[in-house]
Structures are given as structure tokens and as C-alpha cells.
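**Q** What follows is a predicted protein model with its sequence.
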Amino acid sequence: MIMKTLIRIFRRERAIVDAVTENLAISVRGLRKAYGRTVAVDGLDLAIPRGEVFALLGPNGAGKTTTVEILEGFRRADGGEVRVLGTDPRNATPAWRSRVGIVLQSTGEFEELTVAEVVHHFARYYAGADDPDKVIDRVGLTEKRDARAEKLSGGQKRRLDVALGIIGRPELLFLDEPTTGFDPEARREFWGLIRDLAAAGTTILLTTHYLDEAEALADRVGVIARGRMVALATPAELGDRRNAMATVSWQGPNGPESERTNAPTAVVAALAERFGGEVPGLTVTRPTLEDVYLAMIDKNAISKEEAA
Ligand SMILES: Nc1ncnc2c1ncn2[C@@H]1O[C@H](COP(=O)(O)OP(=O)(O)OP(=O)(O)O)[C@@H](O)[C@H]1O
């Protein structure tokens with residue numbers, strides 16, 4: 001009797017766990033990876049629901065690439081549990097691979113081929129591939145479709161990498177520093193492409209050093225420092241940014257003036273009264289994502305040093 005009840009409870013719990021895990025594109029618990037004596041990933045936890053755009057931030061050497069390469073099945077973890085689209089990437093099958101799109105930091109392997117040749121060639125690897133010409137157009141390379149890859153600029157090569165990452169219509173897309181080398185216009189276009197993919201339900205894990213990119217694209221950001229997740233939040237909420245003090249600045253009679261305050265509306269109202277209307281050079285700012293990120297990285301470095 002007790003045994004039967006226990007089995008029933010166990011089955012129900014397992015059904016709940018399965019339902020939760022099914023909804024996750026990526027699930028990582030206690031991930032560890034060391035290279036000799038260098039601990040690159042040190043007990044990392046991460047859960048990314050399907051359909052989310054997630055940005056992984058962190059200073060050079062924090063463990064981002066190692067983590068992502070384990071998720072992609074290119075590196076073996078030393079410990080921890082990893083599920084990507086319900087599968088341990090160590091046991092990746094061709095069927096699983098076809099559901100995952102990967103844009104690495106740089107490929108540049110097809111120097112002799114034209115853009116159209118490379119994309120058409122890659123499309124043949126996937127049963128459900130997208131239309132290659134449509135993909136070339138989406139990444140803004142139509143004008144360069146007959147140019148050899150070796151003749152492309154750095155930003156154009158990157159667009160070709162992105163085209164190869166999305167040609168198989170992946171459910172999950174990994175983007176490692178995707179817009180390095182893009183001019184501002186190309187970055188905005190690329191952001192539009194990512195938003196379209198996200199709107200179509202693609203889960204996206206992105207690493208970037210551009211904080212404005214994380215802010216523009218990500219539903220949530222995770223900050224890694226020394227192989228650990230030190231913060232996880234929406235871009236607006238990271239480091240309790242929403243409640244941070246505001247700075248009100250204006251042009252006073254003797255030069256620029258400013259005031260840090262928790263009640264910027266009241267300060268602005270008082271200024272409007274003082275100036276009898278329009279306040280010259282008025283701005284109200286709160287810390288940017290970059291400000292809170294840098295403070296976080298700094299604090300983490302100090303607390304680690306103190307701990308050592
Ligand atoms: N193949 C390797 N052999 C030895 N050490 C490595 C190897 N790959 C990475 N490391 C080390 O592991 C740590 C984490 O590196 P990783 O490349 O994962 O960081 P990252 O956050 O991606 O950095 P970046 O922003 O510079 O790309 C670093 O100290 C790095 O020197």
C-alpha cells in the first residue's frame with residue numbers, strides 16, 4: 001500500500017518535472033569544466049524557456065564560450081546536468097543537430113565559393129531548409145550573392161555566418177558575438193532579423209560584449225564572472241536598475257547643474273517653477289545597463305579577491 005502510494009507520488013512528481021523541462025529549450029544544473037588547473041565553469045545553473053532571447057554577458061575569460069560550446073555539443077563537461085531541446089548534447093544525433101543553429105565567432109572556411117554557392121550548399125544538409133535566396137536577402141547579402149566569400153568585408157562575412165546559422169530553420173539558435181565588425185546600420189538590420197526570428201518562436205542564446213545589443217534584444221540577461229552566474233534578470237531590472245537614483249541635469253545661470261534624486265518628477269516640477277516654464281538643457285537619466293554591468297563585474301572581482 002505504502003509502496004503503491006510512493007510510486008504514485010513519484011510518477012506525479014516526474015510528470016511535473018517533465019512538463020517543466022519540456023518547456024525549457026536549455027536546462028543546466030551545476031555545470032563544471034576545468035582546463036588543467038583553470039576552472040572555466042564553476043557550478044553554473046541556467047534555465048532558458050522556449051521562445052526566449054537570452055543574452056549571456058561577462059568579461060573576457062568568464063566562461064561564456066566554454067558554456068556555450070558544451071551546450072552545442074562541441075565540448076564535454078566535467079560535471080553537471082545539461083539538456084538542450086531535451087537531449088544531453090554529448091549524445092547529439094544528426095536529428096538533434098538539425099534543430100540547432102550555430103553562429104560561431106568566425107568561420108571563414110569557404111573563401112573560394114560565392115555567397116550563393118555557400119548558402120545553397122549548406123541548405124542541402126537540412127531536410128527542412130529555408131529558401132537560400134530568401135535567407136541571403138534576410139541577412140542583406142543579395143547584392144553580394146555572386147561575390148566570393150574571400151572578397152567580403154568583415155561585417156559581410158559575419159552576415160554570411162548568420163545566414164548559415166539560420167538556413168536550417170533552427171528551433172534554437174546560438175549566436176556568439178554576432179555583430180562584431182558590423183557598422184551601426186548593419187547592426188540595426190541584424191537586430192531586426194533577430195526580432196523576426198524570435199517572433200517566429202526561435203529560442204536564441206546570444207553572447208555579446210555590446211550592452212546596448214543585450215538591452216535591445218534580450219528578454220533576460222545573465223552575467224557570468226569566473227565561471228559562475230552572478231546575476232540574472234531582465235535588462236530593465238538588472239542590478240535593481242529600475243529603482244536606482246536618477247540624475248536630473250539642467251543648464252543653470254552659471255553653468256551646468258545636476259542633482260541625484262529618488263524623486264526626479266518633484267525635482268523637475270520645482271525647476272519648471274523656478275524657471276517659469278521650460279528648463280534649459282533638461283535631462284533625467286538613470287544608470288545604463290553598461291553602468292550596472294560594470295559595477296557588478298567590479299564588485300565581483302573585488303569580493304573574489306577579498307575571499308582569496
Ligand atoms: N582550450 C582551452 N584550454 C585551456 N584553457 C582554456 C581553453 N579554453 C578556454 N580556456 C580558459 O578558460 C577560461 C574561460 O574561457 P572562455 O573562452 O570560456 O571565456 P569567455 O567568457 O568566452 O571569454 P571571451 O569573452 O574572451 O570570449 C579562460 O580562463 C580561458 O583562458
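**A** Sure, I can see it. These numbers come from a predicted model, not from an experiment.

**Q** is the residue positioned nearest the centre of the chain in a bridge, and if so with what?
**A** By C-alpha atoms, centre = their mean, the chain has its centre lying nearest to Ala55, at 2.0 Å. Ala55 has these beta-bridge partners by DSSP bridges: Leu206, Val221.

**Q** and Arg76, how many neighbours?
**A** By the measure other C-beta atoms under 10 Å, the count of residues near Arg76 is 10. For every residue, glycine as well, the C-beta is placed using N, CA and C.

**Q** Run a quick check on it versus Thr66, I expect a contact.
**A** No - Arg76 lies out of contact with Thr66 (C-beta atoms under 8 Å); the separation is 10.8 Å.

**Q** can you list the residues of the chain near the ligand?
**A** Applying C-beta under 6 Å from any ligand atom, we find that the chain lies next to the ligand at Tyr35, Thr38, Ala40, Gly58, Asn60, Gly61, Ala62, Gly63, Lys64, Thr65, Thr66.

**Q** again, only this time at 8 Å
**A** Contact residues, the chain versus the ligand (C-beta under 8 Å from any ligand atom): 35-36, 38, 40-41, 58-69, 105, 176-177, 207, 209, 224, 227.

**Q** buried subset of these?
**A** 40-41, 58-59, 62-69, 176-177, 207, 224, 227 (16 or more other C-beta atoms under 10 Å).

**Q** Which of the residues you listed fall in strands?
**A** In this view, those that belong to strands under DSSP state E are Ala40, Val41, Asp176, Thr207, Ile224.

**Q** what are the ranges of the helices in this structure?
**A** 2-22, 64-71, 94-97, 115-123, 132-138, 154-166, 184-199, 211-217, 264-275, 289-307 (DSSP state H).

**Q** Assess the claim that Ala216 and Phe190 are in contact.
**A** No - judged on C-beta under 8 Å, Ala216 makes no contact with Phe190 at a distance of 10.2 Å.

**Q** which residues touch the residue nearest to Gly101 when sequence neighbours are not counted?
**A** Distances taken as C-beta to C-beta, 6 or more residues apart in numbering place Pro170 nearest to Gly101, at 3.2 Å, with adjacent residues excluded. Pro170 is in contact with Arg99, Val100, Gly101, Thr202, counting by C-beta atoms under 8 Å, 6 or more residues apart in numbering.

**Q** how near is the first one to Val118?
**A** From Arg99 over to Val118 the distance is 21 Å, taken as C-beta to C-beta, to the nearest Å.

**Q** These two - which one has more neighbours?
**A** Val118 (23 against 19).

**Q** Could you chop the chain up by domain?
**A** Taking automatic domain parsing as the criterion, the chain consists of the domains 19-239, 244-307.

**Q** Nearest to Ala123 among the ones in strands among the buried ones among the residues of the chain next to the ligand?
**A** Distance ranking of those against Ala123, using C-beta to C-beta, places Asp176 first at 21.9 Å.

**Q** residue ranges with poor pLDDT in the protein?
**A** Applying pLDDT under 70 to the chain flags residues 1-22, 105-108, 299-308.

**Q** what's across from Leu44 in the sheet?
**A** Leu31.

**Q** Which residues are in contact with it?
**A** Counted by C-beta under 8 Å, 6+ apart, Leu44 has contacts Val28, Gly30, Leu31, Arg32, Gly63, Thr67, Gly80, Ile224, Gly227, Arg228, Met229.

**Q** burial of the closest residue to Ile70 other than its chain neighbours, as a residue count?
**A** Sequence neighbours aside, Ala77 is the residue nearest to Ile70 in space, at 5.0 Å (criterion: C-beta to C-beta, 6+ apart). Using other C-beta under 10 Å, Ala77 has 21 neighbouring residues.

**Q** measure Ala77 to Lys33 for me?
**A** Counting by C-beta to C-beta, the gap from Ala77 to Lys33 is 5 Å.

**Q** what's the overlap in contacts for those two?
**A** Shared contacts of Ala77 and Lys33, counting by C-beta under 8 Å, 6+ apart, come down to Val41, Ile70.

**Q** wait, the residue nearest to Ile70 sits on Leu31?
**A** Yes - counting by C-beta under 8 Å, Ala77 touches Leu31, with 5.7 Å between them.

**Q** In this structure Val84 contacts Leu172, no?
**A** Yes - with contact defined as C-beta under 8 Å, Val84 reaches Leu172; the gap is 6.9 Å.

**Q** can you list residues touching both of the two?
**A** Common neighbours of Val84 and Leu172 (C-beta under 8 Å, 6+ apart) are Ala25, Ile26, Val100.
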